[in-house]
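Take a look and give me a structure for this.
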Amino acid sequence: MKVFNFILLGIGLLLMTSCDRINLIVENGTGGGSYASKAKVGIKAHLPSPGYEFLEWAGDTQYIEDISSKETYVQLPELNKDETLEIKVQATYAVDPDAKEYNLEVENGSGSGSYLTYSVIVIAANAPEPGYQFDKWSGNIEYLNNPYQSSQKIIMDKEDIALKATYKVKVIPTILPTVHPTVTPTVDPDEVSDPVVIGSSFEDGFFALEEFNGKLYAGAFGYAKKNKVFVYPPHQAASPGFTTGESICAMMEFNGYLYANTENNGEIWRSNDGKNWQKVYTGGQHVGCALAVHGEYIYATSAHYENPSGYIYRTKNGTSWEKVYDSDGEVEYIREIVSFNGKLYAFYVTEQGNTYMLSSASGNKSSWQLTKTPARMFRTRVIGNSLYIGTSTDYSPNTGCGIWKFDGSNFRLLQSISGCSHVSNILKYKNAVVAITTKKWKGTGGGATVMVSCGEDDDWEKIYTFKETESWGLKEYNNSLFVGTKQNGGGGKIYKFDSVGCGVNPDPTPTPKPTPTATATPAPNEKSCSQVEGFVWKLNKDGNTAVLITKKYVSCSIKVNGKSPNVGGGVMDDGRPYFRFKGHPSQFGASAKVEIICSGKTEVTVNIPNTGTRCSYYPGGWGD
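Model prediction:
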């Protein structure tokens, strides 16, 4: 087998002069960055070119746990004080002597053809007929990042792949016409037809909106140290209010007080009447942009996007604050914190653009667990049993701007959005889910938008574009929807939408697309492999039988036709355990039964109707 190395640079350790840091360089892979000594860092090789296979890691391999695994760990050494180190590792590849083309069949869309393994193909659903819209992909959706996205990339595997685009009747989001009452002189008459402008600030605009004591309060943005607190109705500056050097970035009510976290050394203020404010804490870092109530405490964040910092504080009485999380000298720009399903979650981005989630049930010191996230999670909203998340490209430009959904275990991308830097807020309003976007931080030319989803997570429509470039605050108040915008240099406003809703196309003319006939549901303890979420039966790339099951069975075992796995398994990045058997799946006969066994009891029996064919169920679009 002939090996093709990609620019194998000199191997060695370079000592530098600075503080206790290690610079890890990963060529042809991910995971590189600057780390503290003794850190354990995950690295992953880039996909091979078509017709090639990953061979092994080269370079300073003495630090790599498994050089033959395309996804492994680097264990960094311990350094002396003021010593730095550079470590270089590199993924290498070789021609695959067994390379051949496999078929990709795309029904009701483009992208069909024959391709070598690891070819990257863009598939796209055909344009829907009038009155209809794209619904989702069916077929081998385990190869998709998001089965609800009409156009996306797919990576060819070592088997044929079949996909079909399906459609549904279109639901139309609308802004219903409203007769407006007489407005104050601050309202621009030309803008009354859709949203009403209820007022502006003394500076650039607004960041936060919150209801308190029957009034709507707005936190303003600007560098002139003018009053940052506004109240409605009527729209006016709160008196005396308070000033900060930049903004009120987050507001939240807790135990009879309205709290404000600010971009001014992370100062935290509170008021019991909205007029008179007391500074109760200084977080020590510039940006304090998040608040959350969890249990008996209110939590606040303090961080900076350049300085080594990343802190979480909490208080029970509002005046005595304790630090419950410290980044230990790393740059962890914590910009959001939320209580969801019994846990507290905080999201941050590093100076290298890596994105993470902290989680804790208690919120106590030393209780936080760290999880890598697929994007920079910027703003969250609990809606029902799900956490909706808006993402940002700032400080993490490769992760994209979009709307995600988190169920406590898995993240699912609902909508990618082009032309924006932030999905800056999300809210359930009447029969719709509403999101607002920012085109660019401190940008010009307008372009902030309002987007609406009418009951289907994947159906997002832009219904309004602001004259301002940024929109940040979003709140329902007195049955109306309010949005706070910002424009660098001045011009941000608070808008009132009287009726954002969802209408239905009552009489579409096309005949609906046929849907598959429903099959009978088996007994609870016996299901088809296409009915167990997260389940996969397949022939893997090593020629062995692989079985994946949903993450709730991570502590369980399996048997296939009474046999236990005889090749090592593990746990996927998404938490699903996998098991392997030496040899082709046909070893189990034409059909098979997989028993999922927990604490000695068979919880589910999964029927495999044809052992020689992949069988799976991926409603969330996971990859394996």
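
my guess is residue 140 contacts residue 164, does it?
No. Using C-beta atoms under 8 Å, residue 140 is not in contact with residue 164, being 9.8 Å away. (Glycine included, C-beta is placed from N, CA and C.)

Span of stretch 446-464 from start to end?
From its first residue to its last, stretch 446-464 covers 12 Å (C-alpha to C-alpha, to the nearest Å).

which of residue 140 and residue 164 has more neighbours?
Neighbour comparison, residue 140 and residue 164: the larger count goes to residue 140, with 20 against 17 (by other C-beta atoms under 10 Å).

And for that one, nearest residue in space, chain neighbours not counted?
Leaving aside its chain neighbours, residue 140 sits nearest to residue 161 (4.8 Å; criterion: C-beta to C-beta, 6 or more residues apart in numbering).

Could I get the contacting residues of that neighbour?
Residue 161 makes contacts with 102, 103, 104, 105, 139, 140, 143, 154, as judged by C-beta atoms under 8 Å, 6 or more residues apart in numbering.

one more time with 7 Å
Going by C-beta atoms under 7 Å, 6 or more residues apart in numbering, residue 161 touches 104, 140, 143.

how far away is it from residue 105?
Using C-beta to C-beta, to the nearest Å, residue 161 is found at 7 Å from residue 105.

Helix or strand next in line after the worst-scoring helix or strand of the chain on mean pLDDT, which one?
When the helices and strands of the chain are scored by mean pLDDT, DSSP states H and E, strand 14-17 comes last with a mean of 34. Scanning forward in sequence from strand 14-17 by DSSP states H and E, the next helix or strand is strand 21-27.

ok, then the element right after that following strand?
Going down the chain from strand 21-27, the next helix or strand is strand 29-30, by DSSP H and E.

Is residue 402 bridged to anything, and to what?
residue 416 (DSSP bridges).

Near it, how many other residues are there?
25.

same thing with the one 3 residues further on?
Residue 405 has 17 neighbouring residues, counting by other C-beta under 10 Å.

wait, isn't it in contact with residue 384?
No. Residue 405 is not in contact with residue 384 according to C-beta atoms under 7 Å; the separation is 10.4 Å.

The longest strand along the chain pairs with which strands?
If you go by DSSP state E, the chain has its longest strand at strand 83-95. With DSSP bridges as the test, strand 83-95 is paired with strand 3-4 (antiparallel), strand 14-17 (antiparallel), strand 21-27 (parallel), strand 52-59 (antiparallel).

Minimum distance to residue 71: which of these has it?
Closest approach to residue 71 among the strands paired with strand 83-95 (C-beta to C-beta): strand 52-59, 9.5 Å.

export the following helix or strand past the closest one as CSV, just CAs?
Once strand 52-59 ends, the next helix or strand along the chain (criterion: DSSP H and E) is strand 71-75. Output of strand 71-75 as CSV, limited to C-alpha atoms (Å, rounded to 0.1, in the frame of the first residue of the first chain):
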residue,chain,number,x,y,z
GLU,A,71,-10.5,10.1,16.3
THR,A,72,-8.3,9.8,19.4
TYR,A,73,-6.7,11.9,22.3
VAL,A,74,-3.5,13.7,22.8
GLN,A,75,-2.3,13.6,26.5
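
same for strand 71-75, what does it pack against?
Helices and strands touching strand 71-75, by 3 or more C-beta pairs under 7 Å, 6 or more residues apart in numbering; DSSP states H and E, are strand 40-45.

Can you give me the buried ones in the strand it packs on?
41, 43, 45 (16 or more other C-beta atoms under 10 Å).

Partner strands of it and their direction?
Next to strand 40-45 in the sheet, as set by DSSP bridges, lie strand 29-30 (antiparallel), strand 71-75 (antiparallel).

quick one on the thing from earlier: quick one, which of the strands paired with strand 83-95 gets closest to residue 220.
Comparing the strands paired with strand 83-95 by their distance to residue 220 (C-beta to C-beta), the top pick is strand 21-27, with 39.3 Å.

Would you mind pulling the contact partners of that closest one?
For strand 21-27, contacts defined as C-beta under 7 Å, 6+ apart pick out 6-7, 31-37, 41, 43, 74, 76, 79, 84-91.

ok so, going back, show me what the residue nearest to residue 140 bridges to in the sheet.
Beta-bridge partners recorded for residue 161 (DSSP bridges): residue 104.

Use 56 as the first number for this chain going forward.
All right, first residue 56 from here; so that's residue 216.

Please determine how far it is located from residue 445.
Using C-beta to C-beta, residue 216 is found at 32 Å from residue 445.

Now residue 402: closest residue in space, sequence neighbours ignored.
Excluding its sequence neighbours, the residue lying closest to residue 402 (C-beta to C-beta, 6+ apart) is residue 432, at 3.9 Å.

Contact partners for the one you found?
Residues in contact with residue 432 (C-beta under 7 Å, 6+ apart) are 391, 402, 410, 412, 444, 446.
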